[in-house]
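> what follows is a predicted protein model with its sequence.
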Amino acid sequence: MNTIVAGNWKMNMTLPEGRDFISGLQEYLQGKNLKSQLILGVPFIHLPLSLGASEAGIYLAAQNCSEHSSGAYTGETSAQMVQSTGAEYVILGHSERRQYFGDTDEVINQKIKEALQQGLKPIFCVGEVLEERQQGRQEKVVHTQLERGLAAISPAQMEQIIIAYEPVWAIGTGETATPQQAETMHWSIRKHLSELYDLHVAEKTPILYGGSVKPENAREIFGMPNVNGGLIGGASLKLDSYIQLIELAEETV
Ligand code: 13P
């Protein structure tokens, strides 16, 4: 499976800054034939940049969408609106959405269904908090998130879904899961997918690791057998470090 280098800009980058980043990346990609797949999770305002970017092999993702299709939901953005910009992906279930905006497993499940309905590919995030890991409950917690988030999602729909394992204690903290901790959880997620679906789904679903990935630690993480790439926050905000991550991913595919 090709390595996926997915950035998550979170709430960063003005429109000119986003434009500069993407045009700089297009310039870097000129004449290159990458094996890894590039995705940038950007604030909604940047999504129209998709139209020029995908030709260069840069795919954009929204960082959220509404669980509703349309209507009187002031301030919300629907999956159909995201799709109409040319964006291909949407990050759903990120721990910051769960923590600060009340996205429950049930709401996330609704959003995943709505995104799929509108032809978007969800990047579905799961991960435990520190206390859960200290209690040794991390696999149980992640399995429950998977069961609830993927409720009534068919094996065929699973072909459109990427999973991102993001231990909450490793996000923005500088503390990374060890490559072995990531591998153990990714293996456990795959095993659980084989129980919820079948071996084919378990093998074909890309599982990204997220949480303080940076050029210094990416080689080892990307090199783990069940890690198919990264969902990268801080280190995706500077073009040079994002490019370094791409180059490390190219070494592993
Ligand atoms: P950091 O890479 O900044 O830890 O963020 C990870 C993340 O939340 C990506 O979605």
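Looks like it came in fine.
> run a quick neighbour tally on residue 166.
26 (other Cβ atoms under 10 Å). Backbone N, C-alpha and C define where each C-beta goes, glycine included.
> so what does it have for phi and psi?
When read as degrees, to the nearest 10, the backbone of residue 166 gives phi -130, psi 100.
> from here on, call the first residue 547.
All right, first residue 547 from here; so that's residue 712.
> ok, it to the ligand distance?
5 Å (Cβ to the nearest ligand atom, to the nearest Å).
> surely that residue is in contact with residue 757?
Yes - counting by Cβ atoms under 8 Å, residue 757 is a contact partner of residue 712 at 5.3 Å.
> who touches both of the two?
Taking Cβ atoms under 8 Å, 6 or more residues apart in numbering as the contact rule, residue 712 and residue 757 both touch residue 673.
> and the residue of the chain found nearest the ligand, how far is that from residue 754?
Among the residues of the chain, residue 779 lies closest to the ligand, at 2.3 Å counting by Cβ to the nearest ligand atom. To residue 754, residue 779 is 12 Å away according to Cβ to Cβ, to the nearest Å.
> neighbour count for these two, which is higher?
Each of residue 779 and residue 754 has its neighbours counted (other Cβ under 10 Å); residue 754 has more, 27 against 23.
> by contact count, what packs against the helix or strand where that one lies?
Using DSSP states H and E, residue 754 sits in strand 753-756. In terms of contacts (3 or more Cβ pairs under 8 Å, 6 or more residues apart in numbering; DSSP states H and E), strand 753-756 is packed against strand 550-554, strand 708-711, helix 725-742, strand 775-778.
> export the ones you listed to TSV and tack on distance to residue 568 and mean neighbour count?
Below are the helices and strands packed on strand 753-756 laid out as TSV (distance: least, Cβ to Cβ, whole Å; neighbours: other Cβ atoms under 10 Å):
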stretch	distance to residue 568	mean neighbour count
strand 550-554	11	26
strand 708-711	21	26
helix 725-742	29	18
strand 775-778	16	28
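> any chance of the ones you listed in CSV, with mean pLDDT too?
Shown next, in CSV, are these (pLDDT from 0 to 100):
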stretch, mean pLDDT
strand 550-554, 98
strand 708-711, 98
helix 725-742, 98
strand 775-778, 98
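> need the ones you listed in a markdown table with distance to residue 683, can you?
Shown next, in a markdown table, are the helices and strands packed on strand 753-756 (distance: least, Cβ to Cβ, whole Å):
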| stretch | distance to residue 683 |
| --- | --- |
| strand 550-554 | 25 |
| strand 708-711 | 15 |
| helix 725-742 | 12 |
| strand 775-778 | 22 |
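> what residues does the stretch 647-796 of the chain put near the ligand?
Applying Cβ under 6 Å from any ligand atom, one finds that the stretch 647-796 of the chain approaches the ligand through 712, 717, 718, 756, 757, 758, 759, 777, 778, 779, 780, 781.
> make JSON lines from those and add distance to residue 634 to it.
Below are those laid out as JSON lines (distance: Cβ to Cβ, whole Å):
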{"residue": "712", "distance to residue 634": "20"}
{"residue": "717", "distance to residue 634": "24"}
{"residue": "718", "distance to residue 634": "26"}
{"residue": "756", "distance to residue 634": "19"}
{"residue": "757", "distance to residue 634": "24"}
{"residue": "758", "distance to residue 634": "26"}
{"residue": "759", "distance to residue 634": "21"}
{"residue": "777", "distance to residue 634": "15"}
{"residue": "778", "distance to residue 634": "18"}
{"residue": "779", "distance to residue 634": "20"}
{"residue": "780", "distance to residue 634": "23"}
{"residue": "781", "distance to residue 634": "22"}
